[in-house]
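1. Requesting a structural model of the entry that follows:
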Amino acid sequence: MAQGFDVDGVEVEIPAGDMSRLIKRYKKLKKYEKSTLHTIQKLNGNRTIIDELTEESQNFEQLD
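-> Numbers count the residues shown, from 1 in each chain. You can find the predicted model right below:
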């Protein structure tokens, strides 16, 4: 079985509480992405939050 997320093992400068909220939101979005409701909305041609986040990440420019 997969090990999962380890909030304490992540090496970023973000408070643990914020990291927990971020992981919780990520898990909810992944669950929604796998749901039949998401599939039905995609088949109807509706834009979903997943589409918007994917488009936003593609337009994101890395800071040097």
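2. hmm, who's touching the worst-scoring helix or strand of the chain on mean pLDDT?
-> In the chain, the helix or strand scored least confidently by mean pLDDT, DSSP states H and E is helix 49-59, which has a mean of 88. Helix 49-59 is contacted by residues Leu29, Tyr32, Glu33, His38 when judged by C-beta atoms under 8 Å, 6 or more residues apart in numbering. Using the backbone N, CA and C atoms, a C-beta is placed for each residue, glycine as well.
3. So which elements touch the helix or strand harbouring the second one?
-> Secondary structure assignment for Tyr32, by DSSP states H and E: helix 16-33. Helix 16-33 sits against helix 49-59, with contacts defined as 3 or more C-beta pairs under 8 Å, 6 or more residues apart in numbering; DSSP states H and E.
4. give me the number of residues near Ala16?
-> Burial of Ala16, expressed as a neighbour count using other C-beta atoms under 10 Å, amounts to 10.
5. What separation do you get for it and Tyr26?
-> Between Ala16 and Tyr26 the distance is 15 Å, computed by C-beta to C-beta, to the nearest Å.
6. ditto for Thr54
-> 14 Å.
7. In space, what's closest to Tyr32 - neighbours in sequence excluded?
-> His38 (5.6 Å; C-beta to C-beta, 6 or more residues apart in numbering).
8. Just to confirm, what confidence does the model report for that neighbour?
-> At His38, the pLDDT value in this model is 94.
9. Pull the contacting residues for it.
-> Shown here is His38, whose contacts under the criterion C-beta under 8 Å, 6+ apart are Tyr32, Thr48, Ile50.
10. State the distance from it to Leu53.
-> Distance check for His38 against Leu53: by C-beta to C-beta, it reads 12 Å.
11. Look up how far Met19 lies from the residue most central in space within the chain.
-> For the chain, the residue nearest the mean C-alpha position is Tyr26 (3.7 Å; C-alpha atoms, centre = their mean). Relative to Met19, Tyr26 is positioned 10 Å away (criterion: C-beta to C-beta).
12. same check, this time on Asn59
-> 24 Å.
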